[in-house]
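Engineer: what's the 3D shape of this:
(2 chains)
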Amino acid sequence: MTTASITETTDLGLAAAEGLRQILDKQVGDRNIATFAEAESPVQWDALLRAGWVEIADEPEGEGLSLRDLVEVAQVWGTYCVPLPFLITLVARRNSLGAREFGGPVTLSIPTPGITTGWGLAPFGSRPDIGVLDSFDDGTVLTVSERSATDFAPTLQCVEVPWVTKHLGVVGRELAVLMAAEAAGIARTLVTSSVNYARERSQFGKPVGSFQAVKHILADAHISAEQADTSALWAVADPDRALEISIHAIELAVDVAERAIQVHGGMGFTWEMGLHFYLRHLLTLRDLVTGLSTVTCS
Amino acid sequence: MTHRTSAAFDSDFAQDAARWLQDNVPQRWREHRGALEEQEAVEIRRQWDRQLFEAGYSGLSLPKEFGGQGLGLSEEVAFSELAARAQAPDGLARIGRILTAPTLIVHGTEQQRQRFLPPILQGTETWCQGFSESGAGSDLAGVRCRAEKVAGGYEISGRKIWTSFAAYADRCLLLACTDQNAPRHKNLSMFLLDMKQPGVTISPIKQISGGTHFAEVHFDRVFVSDDELVDEEGSGWRVAMTTLMNERGGVEAASRYIEIRADMDLLLDMCGDDPRRADVLADLDRRTELVRWQISKAVHLENDDAEFVRATSILKVLWSELWQEITTVGLRHTTPSHRDHWRVQYLESRSASIFSGTSEIQRNIISERVLGLPR
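Structural biologist: The predicted model follows:
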């Protein structure tokens, strides 16, 4: 694989991403994340299922959508930050017959820093209809019985589970790359909404976005968001370093989120403005991918 | 733990180029880069331009009809990376190749292209860039160097500053004021001035690094013919924007990547095994490679204007500030044998966030032209 080809978008990936964008745009539009982060998802799982999105990546690499194609999809998904176990289910189904046969949403229990040894963090593990795959080696999907809820990132609804999904193998790499792409999508949303805010918010009789000090924060946010996007593409191209590069992409997105909060001033620090939901989401992705990097073989 | 990029370069072009570089990079440069006397370094760099041309590696992304190789930015990027690995010199032809040539392809006459492009590509004519003045740096539209109409051409009088390669240059891509009464942005014109004539005085400017890579150039009624006016009188600002876009764009960044990658590799060789530096080095290494990927991404967005600008707008800030950080770390943790190198590079790299648009100007451009924030 050459450097040249991997940064190029594919028709298949773009078409899939565009399809998803249309659905999300119709159902979420420009609703503030704060209106749904802690409430019901504006998109229903069944709607995704009926439209065929849950099965979209069922064929493994080489036959259906490639990981590069899914990066486009994950970026769009990140742009809307809808609280559904979409990406993790795609990856689980793509790599496990057990996950495909389960039918419903599937999650994984991922060892992450700062939780009890031997336990894992399962995104969306608090959903009643979700199952946790116990292993990628002939694994079966179990319903979560013993768990302790963590509510740090409402859009990821993680719970702690007393065991971890085994034999993550290459799956960890795929999930890490898609989480990096998701983070890049979030970063771009944050740049856009911060720019809009800076154009509308007025102080000293002028939009705050006309002040150079504010402009440069936004320029730096753009620089980080662009690099987050590029990092996700690099992570696809470089399996040996995919995990560390994915973490790097998420770090860059975190940088964007911090700048977004600063540009929004006092409002940025309020719960109702909702920027913290993105930041919490990103920090949790960072934990998950850091965890994946400890158990994934390239 | 020396990290090198793991992306395979398996195209025929890349394999041939790698082999050619392996056989042709001067050993003297490979082993003593940085410690050479200026005269010798200049000779090696000049010779390198000619070697590149003879082997067909000059003007990779310039169209064939203009004497280039007709390849794309991706080959430029691949070649830059391979050149970096082979520790190849950076030629003297860069201003001509990266700035003058693309500018003439867009704005030049057929006659100008035929006259000026071949020697640029062959490495037989060296160019310098006469844009900045002491009163017109970030505010480039404030250029005051005068071009007065005379029979058959113009007479140039004034001063240019920060002119790289001035002492070796045969020609200058010169921005001058043709009409002091015309409104801003309508008063400038671009010229292709012959440096080897009476009235051109070059005073080297000693830099903080101790080198004299640039100069102040004084023009005292220096003649340029009508044939050496680019585009038309009064269009200099528009022509300069084409030049600056190239100066801050992918090809330039790909060539800067050479130097940064080499410094990064030296840093890894020097203290890559030291666990206390591991996090910092890994971060710098990732960011170095990210510059390459950022260029590579831009390559594929060339046909999508908005996305292309989005991807290239950040390149100048990225590589300049990264290089400064690398040299800072290099200097801090240097071994005695590399101290001179890091001192020079550290001081040299201070200029990177100033020339061809300061980091502050770059951030203004990003925020106003890419993000659309009000002026």
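Engineer: the closest residue in space to residue B:227 that isn't next to it in sequence: neighbouring residues, count only.
Structural biologist: Nearest residue to residue B:227, sequence neighbours excluded (C-beta to C-beta, 6 or more residues apart in numbering or on different chains): residue B:111, at 6.6 Å. C-beta coordinates here come from the backbone N, C-alpha and C atoms, glycine included. The local packing of residue B:111 (other C-beta atoms under 10 Å in any protein chain shown) involves 9 other residues.
Engineer: residue B:111 and residue B:155, how far apart?
Structural biologist: Distance from residue B:111 to residue B:155, counting by C-beta to C-beta, to the nearest Å: 22 Å.
Engineer: same deal with residue A:100?
Structural biologist: 80 Å.
Engineer: which helix in chain A runs the most residues?
Structural biologist: Looking across chain A with DSSP state H, the single longest helix is helix A:169-200.
Engineer: if we go by neighbour counts, what in it is buried?
Structural biologist: By 16 or more other C-beta atoms under 10 Å in any protein chain shown, the buried positions in helix A:169-200 come out as A:170-195, A:197-199.
Engineer: what subset of those is also close to chain B?
Structural biologist: A:191, A:195, A:198, A:199 (C-beta under 8 Å from any C-beta of the partner chain).
Engineer: is it true that the residue nearest to residue B:227 touches residue B:226?
Structural biologist: No: Residue B:111 is not in contact with residue B:226 according to C-beta atoms under 8 Å; the separation is 11.1 Å.
Engineer: just for chain B, where's the confidence low?
Structural biologist: B:1-10, B:302 (pLDDT under 70).
Engineer: hey, where'd the helices end up in it?
Structural biologist: Assigned by DSSP H, chain B shows helices spanning B:12-24, B:27-32, B:38-55, B:73-85, B:94, B:101-107, B:110-122, B:236-247, B:250-271, B:278-299, B:305-312, B:315-332, B:339-349, B:359-365.
Engineer: quick check: pLDDT value at residue A:124.
Structural biologist: Looking at residue A:124, its pLDDT stands at 95.
Engineer: is it true that it touches residue A:130?
Structural biologist: Yes: contact criterion C-beta under 8 Å: residue A:124 and residue A:130 qualify, at 5.6 Å.
Engineer: list the buried residues of stretch A:151-164.
Structural biologist: By 16+ other C-beta under 10 Å, the buried positions in stretch A:151-164 come out as A:153, A:154, A:155, A:156, A:157, A:158, A:159, A:160, A:161, A:164.
Engineer: give me the subset of the residues you listed that also touch chain B.
Structural biologist: By C-beta under 8 Å from any C-beta, no member of the buried residues of stretch A:151-164 lies near chain B.
Engineer: for the stretch 51-200 of chain B, what spans make up the strands?
Structural biologist: B:127-130, B:146-150, B:153-164, B:171-177, B:188-194, B:200-205 (DSSP state E, counting those that start in this stretch).
Engineer: what's the closest of these to chain A?
Structural biologist: The minimum distance between chain A and the strands of the stretch 51-200 of chain B falls on strand B:153-164, with 23.5 Å, by C-beta to the nearest C-beta.
Engineer: for residue B:283, which non-adjacent residue is spatially closest?
Structural biologist: Distances taken as C-beta to C-beta, 6+ apart place residue A:248 nearest to residue B:283, at 7.9 Å, with adjacent residues excluded.
Engineer: now residue A:272
Structural biologist: In space, residue A:272 is closest to residue A:34, 5.6 Å off (C-beta to C-beta, 6+ apart).
Engineer: from residue B:241, how far off is the one you found?
Structural biologist: Going from residue A:34 to residue B:241 by C-beta to C-beta gives 42 Å.
Engineer: looking at these two, which has the bigger crowd around it?
Structural biologist: residue A:34 (17 against 13).
Engineer: where does the more buried one land in three-state SS?
Structural biologist: Classification of residue A:34 by DSSP: H, G, I helix; E, B strand; the rest coil places it in helix.
Engineer: hang on, isn't it packed against residue A:276?
Structural biologist: No: using C-beta under 8 Å, residue A:34 is not in contact with residue A:276, being 9.0 Å away.
Engineer: re earlier: run through who's touching the next helix or strand after the longest helix of chain A.
Structural biologist: Sequence-wise, the next helix or strand downstream of helix A:169-200 (DSSP states H and E) is strand A:202-203. Strand A:202-203 has contacts (C-beta atoms under 8 Å, 6 or more residues apart in numbering or on different chains) with residue A:208.
Engineer: Provide the strand pairings for the helix or strand following strand A:202-203, with the direction of each partner.
Structural biologist: Next helix or strand after strand A:202-203 toward the C-terminus (DSSP H and E): strand A:206-207. Its sheet considered, strand A:206-207 pairs with strand A:202-203 (antiparallel) by DSSP bridges.
Engineer: doesn't residue A:107 belong to a strand?
Structural biologist: Yes: counting by three-state DSSP, residue A:107 is located in a strand.
Engineer: centroid residue for the chain?
Structural biologist: Using chain A. Taking C-alpha atoms, centre = their mean, the centroid of chain A lies closest to residue A:182, which sits 3.6 Å from it.
Engineer: switch to chain B, that's the one I care about
Structural biologist: Central residue of chain B (C-alpha atoms, centre = their mean): residue B:252, 5.1 Å from the mean position.
Engineer: I'd say it and residue B:98 touch.
Structural biologist: Yes: Residue B:252 lies in contact with residue B:98 (C-beta under 8 Å); the separation is 5.3 Å.
Engineer: what's the overlap in contacts for the two?
Structural biologist: Applying C-beta under 8 Å, 6+ apart, one finds that residue B:252 and residue B:98 are jointly contacted by residue B:246.
Engineer: show me what from the stretch 201-350 of chain B comes close to chain A.
Structural biologist: Going by C-beta under 8 Å from any C-beta, the residues of the stretch 201-350 of chain B near chain A are B:282-283, B:286, B:289-290, B:292-294, B:296-297, B:299-300, B:310-311, B:313-314, B:317-318.
Engineer: make a PyMOL selection of whichever of those residues turn out to be buried.
Structural biologist: Entered in PyMOL, the line below selects the buried ones among these, by 16+ other C-beta under 10 Å:
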select buried, chain B and resi 282+286+289+290+292+293+294+296+297+299+300+310+311+313+314+317+318
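Engineer: could you chop chain B up by domain?
Structural biologist: B:12-91, B:127-235, B:248-370 (automatic domain parsing).
Engineer: and those domains: which comes nearest residue A:257?
Structural biologist: Closest approach to residue A:257 among the domains of chain B is made by domain B:248-370 (18.2 Å; C-beta to C-beta).
Engineer: now the end-to-end length of the closest one.
Structural biologist: Start-to-end span of domain B:248-370 (C-alpha to C-alpha, to the nearest Å) is 15 Å.
Engineer: contacts only, for residue A:284.
Structural biologist: The contact partners of residue A:284, taken as C-beta under 8 Å, 6+ apart, are A:123, A:152, A:153, A:156, A:158.
Engineer: tell me which of those fall in strands.
Structural biologist: Using DSSP state E, no member of the contacts of residue A:284 sits in strands.
Engineer: between all of those residues, which two are separated the most?
Structural biologist: Greatest spacing in these, by C-beta to C-beta: A:123 and A:152 (11.6 Å).
Engineer: between those two, which contacts overlap?
Structural biologist: A:158, A:284.
Engineer: quick one: contacts for residue A:294?
Structural biologist: residue A:111.
Engineer: got a list of what the residue in the stretch 51-200 of chain A positioned nearest to chain B touches?
Structural biologist: Evaluated by C-beta to the nearest C-beta, the stretch 51-200 of chain A has residue A:195 as its residue closest to chain B, separated by 4.9 Å. If you count contacts by C-beta under 8 Å, 6+ apart, residue A:195 has them with A:209, A:218, B:371, B:372, B:373.
Engineer: all good on my end, thank you.
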